[in-house]
Structure formats: structure tokens, C-alpha cells
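Novice: pasting the sequence and the predicted coordinates here, then a few questions.
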Amino acid sequence: MKLHDLKPNPGSKKNRTRVGRGISAGQGKTAGRGTKGQRSRTGFGGHLYRQGGNLPFYRRLPFRRGEGFTPPNQVEYNEVNVEALAEAYKAGAEVNPENLAEKNLLHKKQNPVVVLGRGSIDKPLTVKVHRISKSAREKIEAAGGKVEIVG
């Protein structure tokens with residue numbers, strides 16, 4: 001067997017129908033589109049913008065296009081990792097939002113603070129923040145520190 005002997009299985013390939021090529025071809029005149037109407041015209045399919053008189057879908061959405069939806073009531077936290085606390089504070093120090101701001105560890109001072117668990121800590125600290133992750137709490141308490149949640 002050679003390459004020129006290869007043929008597709010019988011019935012697996014079908015010639016395409018050439019429409020609009022005269023009455024003897026079987027699909028002449030209207031070429032299977034029927035007579036008149038939108039579907040018979042060239043370019044039928046329309047634009048995504050057109051929805052038959054309805055306000056188009058993407059004009060119904062909030063105006064900031066391409067950015068998705070941002071929940072209006074979500075709380076944006078200042079994230080501080082355990083490793084940053086270990087570098088910035090001495091043993092026995094108290095960590096709170098005010099002195100975190102003094103040490104420039106906060107992005108926006110008016111936002112609440114959350115402590116996350118990246119890194120390690122070996123100093124006992126008293127941490128008073130708005131929120132803390134489970135792993136961060138375990139690391140601080142394992143080092144002999146205390147955690148308090150402030151309102």
C-alpha cells in the first residue's frame with residue numbers, strides 16, 4: 001500500500017451542495033432560503049447589539065464595561081503577614097492598627113487590618129487587629145503571644 005492508494009471510507013465524505021446555480025441543480029432561484037423575509041436576505045444573523053427592540057444586554061449592565069461587577073458593600077482590608085510583624089517588632093511589643101500605620105505597614109490607614117500567616121515568628125507579641133487568619137493565630141500563640149480581635 002502506498003500513499004496514493006489511501007482513500008476515505010465509503011460514505012464518510014460528502015460533496016457540498018452548491019446552491020443558487022440554476023434550476024437543474026436542484027437548489028436554484030431562492031437557494032433553499034424561501035421567498036422574501038429577513039432570513040432570505042444576505043447578511044442575515046444580525047449583530048449581537050440588536051435584540052429586536054429590547055435594550056441590548058450589555059447596555060443593561062452597569063456602565064463600567066469590562067471590569068465585571070464589584071460588590072458595593074465589600075470590606076477592603078490592609079493585609080499584614082506574620083513575617084512582617086517578626087521583622088518590625090521586638091519581643092513583648094503590642095501590635096495594633098495605629099503603630100502598624102506608624103511603621104508604614106498599611107496600604108490605606110483608614111481600612112481595617114487582617115493578619116495573614118505567611119512566614120514564621122519566634123517572638124511573643126500581643127496582636128490587636130480586626131481579623132486574623134487561623135494559621136497566623138496558631139503561629140503567634142505558638143511563639144507565646146496573644147491575639148485580640150478589636151471591633
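Specialist: Right, received. Where do you want to start? Residues are numbered from 1 along each chain as shown.

Novice: list the buried residues in the biggest helix by length in the chain.
Specialist: Determined from DSSP state H, the single longest helix within the chain is helix 134-142. Buried residues in helix 134-142, counted by 16 or more other CB atoms under 10 Å: 136-137, 139-140. To be clear about C-beta, it is placed using only N, CA and C from the backbone, and glycine gets the same treatment.

Novice: with stretch 53-73 instead?
Specialist: Within stretch 53-73, no residue is scored as buried using 16+ other CB under 10 Å.

Novice: now swap in stretch 94-107 and tell me
Specialist: Applying 16+ other CB under 10 Å to stretch 94-107 flags 95, 97, 100, 105-106 as buried.

Novice: re the thing from before, pull the most distant pair out of the buried residues of helix 134-142.
Specialist: Taking CB to CB as the measure, these span a maximum distance of 7.5 Å, between Arg137 and Lys139.

Novice: so which residues make contact with the helix or strand hosting Val80?
Specialist: For Val80, the element it lies in under DSSP states H and E is strand 78-81. With CB atoms under 8 Å, 6 or more residues apart in numbering as the test, strand 78-81 has contacts from 97, 100, 105-109, 111-119, 129, 136.

Novice: can you tell me which of these are in strands?
Specialist: Residues of the contacts of strand 78-81 located in strands (DSSP state E): 113-116, 129.

Novice: and the pLDDT at Val115?
Specialist: Looking at Val115, its pLDDT is 96.

Novice: quick one, helices of this protein?
Specialist: 57-60, 82-88, 97-102, 134-142.

Novice: let's have the ones you listed in TSV, adding mean pLDDT and distance to Arg33.
Specialist: As requested, these are exported to TSV (pLDDT from 0 to 100; distance: least, CB to CB, whole Å):
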stretch	mean pLDDT	distance to Arg33
helix 57-60	78	28
helix 82-88	93	69
helix 97-102	93	70
helix 134-142	95	65
